[in-house]
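Asks: Predicted model and sequence below, questions to follow.
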Amino acid sequence: MEEREISQAVIGRLPRYYRYLGELLSNGVERISSSDLSKRMHVTASQIRQDLNNFGGFGQQGYGYNVKYLHTEIGKILGLNVNRNFVIIGAGNLGQALANYAGFERSGFILKGIFDVNPRLEGVSIRGIPIRMMDDLKAFIMENNIEIAVLTIPKTKAAEVAQMLADTNIKGIWNFAPTDLHLPKEVVVENVHLAESLMRLSYKVERYNEEHME
Ligand code: NAI
């Protein structure tokens with residue numbers, strides 16, 4: 001496939017296409033028109049055509065999209081065609097909840113290790129994976145080909161731990177701690193802030209209430 005710059009907005013929409021196409025595939029659907037996909041996804045057919053044309057050659061006039069091909073190609077763009085090993089750092093409420101979620105594996109994200117500083121957690125297993133102490137983290141990352149670290153530790157510890165991770169061969173940090181991390185560009189950071197999502201919901205609820213006020 002031809003390599004070209006794809007806008008961040010399009011990339012932001014790809015996981016959703018990937019999910020819908022995955023559902024179609026598991027329902028045995030082999031091809032779909034942009035208008036059918038548009039109805040399912042509640043986005044305009046022209047948006048779908050524009051987005052998917054970025055990658056060229058997926059759709060054919062009068063045939064629609066080959067679901068399996070499109071799913072595979074979007075998967076490749078998202079880097080989902082290979083498994084990625086990850087560790088969770090911080091085995092508290094959130095870290096344990098994420099560790100308990102088996103769904104990441106279906107997308108190729110393999111949880112290899114869970115780390116914490118609390119000695120009372122040492123050896124406690126989550127889905128068969130024992131919680132290890134932070135002293136073992138660096139060696140574990142090297143020995144287990146770990147690409148991604150999930151940070152679910154207190155905000156006050158995040159910068160220090162992230163800096164330590166930057167000195168290993170970690171490629172990406174999925175940061176849940178509510179603080180911005182400043183790291184060398186070799187380490188990619190994706191922040192997740194559920195509270196921000198909740199605030200956006202609150203905004204919409206507020207607008208709705210205003211519009212429906214007597
Ligand atoms: P928690 O207190 O239950 O768990 C934190 C864990 O981190 C504890 O087990 C603690 O021993 C461990 N820890 C502390 N320092 C550490 C270090 N230097 N290295 C390794 N482990 C260390 O807290 P909870 O509720 O699980 O939250 C974790 C983080 O996630 C917090 O920063 C919180 O603000 C954030 N959070 C973010 C959300 C989001 O949407 N981004 C949602 C909920 C929590």
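Replies: Sure, I can see it. Numbers count the residues shown, from 1 in each chain.
Asks: Every contact and neighbour count from this point should use C-alpha atoms.
Replies: Will do.
Asks: State the phi and psi torsions of Val189.
Replies: With angles defined as degrees, to the nearest 10, Val189 sits at phi -120, psi 130.
Asks: what does the model give it for pLDDT?
Replies: Note on Val189: pLDDT of 97.
Asks: What are the buried residues along the longest strand that the chain contains?
Replies: Ranked by number of residues, the top strand in the chain under DSSP state E is strand 109-116. Residues Phe109, Ile110, Leu111, Lys112, Gly113, Ile114, Phe115, Asp116 are the ones in strand 109-116 that count as buried (16 or more other Cα atoms under 10 Å).
Asks: Ok, stretch 84-96 next?
Replies: Arg84, Asn85, Phe86, Val87, Ile88, Ile89, Gly90, Ala91, Gly95, Gln96.
Asks: just the residues you listed that are near the ligand?
Replies: The subset of those within reach of the ligand, counting by Cα under 6 Å from any ligand atom, consists of Ile89, Gly90, Ala91, Gly95.
Asks: Among these, which one sits closest to Glu23?
Replies: Here the nearest of these to Glu23, counting by Cα to Cα, is Gly95; it sits at 27.8 Å.
Asks: on that earlier part again, filter the buried residues of strand 109-116 by proximity to the ligand?
Replies: Asp116.
Asks: quick one: the helices in this protein?
Replies: Counting by DSSP state H, the chain has helices at residues 8-26, 34-41, 45-53, 67-77, 93-100, 103-106, 137-143, 155-166, 194-211.
Asks: Lowest average confidence across those helices, which one?
Replies: The stretch with the lowest mean pLDDT among the helices of the chain is helix 45-53, at a mean of 88.
Asks: That helix: how far from the chain's middle?
Replies: Once both centres are worked out by Cα atoms, centre = their mean, to the nearest Å, helix 45-53 turns out to sit 22 Å from its chain's centre.
Asks: and Asn27, what are its phi and psi?
Replies: Asn27 adopts backbone torsions of phi -90, psi 10, taken as degrees, to the nearest 10.
Asks: do you know how far it is from Lys68?
Replies: Distance from Asn27 to Lys68, counting by Cα to Cα, to the nearest Å: 12 Å.
Asks: ok, now Thr179?
Replies: In this view, Thr179 and Lys68 are 39 Å apart by Cα to Cα.
Asks: Tell me how many other residues crowd Ile11.
Replies: Ile11 has 14 neighbours, counted by other Cα atoms under 10 Å.
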